[in-house]
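Enquirer: following is a predicted model, sequence given first.
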Amino acid sequence: MELILGGTLGFKKFAIFASGLGSNALNLISYARENADKFSIEVLVTDKEDAPVIKEAKKLGVAVEVIPYIKTEYPKLDKKNHEEKILEALKKYNISWIILAGYMRILSSDFLSNFYDISFKRNRVLNIHPSLLPDFPGKDGYGDAFAAGVPVTGVTVHFVDSGVDAGPIFLQRSFERHESDSLEDFISRGKKIEHELYREAVKLVIEDRI
């Protein structure tokens, strides 16, 4: 299946993928509303029918596509079918970029090939990760960094490939761990940076400064 994307130059249309609370998704939806002449968040895609982000995105006027992941005895076919349903849903939005914001599934190379941009040799798909990659990839970057006792960690925005938090790094920002930090303090400081850094990344994209 081939997906025809919106153009890279000029006004850009984004899709956001999220599976849970979606604080980064809602942050960027708000950012799009503040810059409605420059870009839009056309649709939120989620694999969870009960994801809290659904209600909040709808309140902000964003279309939502709920595409549950259906498990059978054929896992490889399940993934293929799921991603084909996503591609089919996205066709009507003429999107330029995908932003992952707490989307808890690894996208396949076949799926990502629909978003490959030959001009800068990257997939037009961004993700944010709560560590200074390549350190602490995986689902609990903050927890892993905290448990390791590192004095400095950070946040990374990277282009997505079919690996786990393995795509080329776009932006990074570090922050220090304080001796008095609880894990909650640590995460709270990181979340603030996530919201700032993702906005910065999108700003660079919409200004064609990649």
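Expert: Here it is on my side, so go on.

Enquirer: and the longest helix belonging to the chain, what does it pack against?
Expert: What stands out as the longest helix in the chain, according to DSSP state H, is helix 183-206. Judged by 3 or more Cβ pairs under 8 Å, 6 or more residues apart in numbering; DSSP states H and E, helix 183-206 is in contact with strand 12-17, helix 23-34, strand 97-100, strand 125-129, helix 141-148, strand 152-159, strand 169-176. To be clear about C-beta, it is placed using only N, CA and C from the backbone, and glycine gets the same treatment.

Enquirer: between that helix and helix 141-148, how many degrees?
Expert: Interaxial angle, helix 183-206 versus helix 141-148 (axes from the mean of the first three to the mean of the last three Cα atoms, to 10 degrees): 140 degrees.

Enquirer: contacts for helix 183-206 next, please.
Expert: Outside helix 183-206, the residues that touch it by Cβ atoms under 8 Å, 6 or more residues apart in numbering are 12, 14, 23-24, 27-28, 31, 35, 38-39, 97, 99, 101, 126, 128, 130, 142-143, 145-146, 153-155, 157, 170-173, 175, 177-178, 181, 210.

Enquirer: please apply the same query to stretch 48-56.
Expert: Outside stretch 48-56, the residues that touch it by Cβ under 8 Å, 6+ apart are 18-22, 25-26, 44, 46, 64, 66, 68, 102.

Enquirer: related to what we said a few turns ago, so for Tyr74, which of the helices and strands packed on helix 183-206 sits nearest?
Expert: Go through these one by one with Cβ to Cβ and the one that ends up closest to Tyr74 is strand 12-17, at 23.3 Å.

Enquirer: per-residue confidence averaged over the closest one?
Expert: For strand 12-17, mean pLDDT rounds to 97.

Enquirer: could you do stretch 114-133 as well?
Expert: The average pLDDT for stretch 114-133 rounds to 95.

Enquirer: would you mark the buried spots in it?
Expert: Using 16 or more other Cβ atoms under 10 Å as the test for burial, stretch 114-133 gives 114-115, 117, 122-133.

Enquirer: again with stretch 62-78
Expert: So stretch 62-78, judged by 16+ other Cβ under 10 Å, has buried residues 62, 65, 67.

Enquirer: among those residues, which are located in strands?
Expert: Members of those lying in strands (criterion: DSSP state E): Glu65.

Enquirer: ok so, going back, now the longest helix of the chain, how far from the chain's geometric center?
Expert: 12 Å (Cα atoms, centre = their mean, to the nearest Å).

Enquirer: repeat that for stretch 29-45.
Expert: What separates the centre of stretch 29-45 from the centre of its chain is 14 Å, taken as Cα atoms, centre = their mean.

Enquirer: quick one: contacts of that stretch?
Expert: Around stretch 29-45, the neighbours that count as contacts under Cβ under 8 Å, 6+ apart are 11-18, 22, 25, 28, 53-54, 57, 60, 62-65, 67, 86, 89-90, 93-95, 103, 199, 202, 206.

Enquirer: ok, now which ones touch the most centrally placed residue in the chain?
Expert: Closest to where the C-alpha atoms of the chain average out (Cα atoms, centre = their mean) is Leu100, at 1.4 Å. Taking Cβ under 8 Å, 6+ apart, we find Leu100 in contact with 16-18, 125-128, 160.
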